[in-house]
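**Q** below are the sequence and a predicted model for it; my questions follow.
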Amino acid sequence: MADKPRGLLRGPKFNGKHTTLIAPAHAVVELLRDDSRVTKIVIGIIKPRRGNGQGIKVVTIEAGLRLMVSGPSSVQQFYAYTADPDGVKSALEQLFGGQGA
């Protein structure tokens, strides 16, 4: 599994037992952690997948955003609680250059 930068998953926005991140998710979690519009980040499970592309899929839900981050051999789901899902979604689109967000 990918090593996470020290202290990345610390703070009041995180809770739960899942603390492992796939490599492409590090930048996403860092952006969500530093965004004042995001109140909580829930890190989901990692599932294996076939394929070799990387990307992100962002879906607006009632509480904020559901994010699916794809890596070369796995996909990981996240939830970001926010009152401004469109603003956070546009910040993610800037991070990924408009690919998949």
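**A** Alright, I've got the coordinates. Numbering: from 1, shown residues only.
**Q** use CA for all of it now, contacts and neighbours both
**A** Fine.
**Q** what is the burial count for Thr20?
**A** 17 (other Cα atoms under 10 Å).
**Q** what ranges do the strands span in the protein?
**A** Here the chain has its strands, by DSSP state E, at 38-48, 55-61, 64-70, 74-82.
**Q** which of these sits closest to Glu93?
**A** Distance to Glu93, taken as Cα to Cα, is lowest for strand 55-61 among these, at 9.1 Å.
**Q** just checking: what are the partner strands of that closest one?
**A** strand 64-70 (antiparallel) (DSSP bridges).
**Q** neighbouring contacts of the partner strand?
**A** Residues from elsewhere that reach strand 64-70 (Cα atoms under 8 Å, 6 or more residues apart in numbering): 24-25, 53-60, 75-85, 89.
**Q** filter those down to the buried ones, ChimeraX style.
**A** In ChimeraX, this line selects whichever of the contacts of strand 64-70 come out buried by 16 or more other Cα atoms under 10 Å:
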select :24,25,55,56,57,58,75,76,77,78,79,80,81,82,85,89
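**Q** distance check, Gly97 against Ile56.
**A** According to Cα to Cα, to the nearest Å, Gly97 stands 11 Å off from Ile56.
**Q** same question for Arg66.
**A** From Arg66 to Ile56 the distance is 10 Å (Cα to Cα).
**Q** any regions of this protein where pLDDT drops low?
**A** Applying pLDDT under 70 to the chain flags residues 1-12, 14-18, 98-101.
**Q** how about a cut-off of 90?
**A** 1-21, 23-24, 26-27, 43-45, 49-55, 72, 93-101 (pLDDT under 90).
**Q** contact partners for Arg50?
**A** Neighbour list for Arg50: 72-74 [criterion: Cα under 8 Å, 6+ apart].
**Q** if we go to 6 Å?
**A** Contact analysis of Arg50 by Cα atoms under 6 Å, 6 or more residues apart in numbering lists Ser73.
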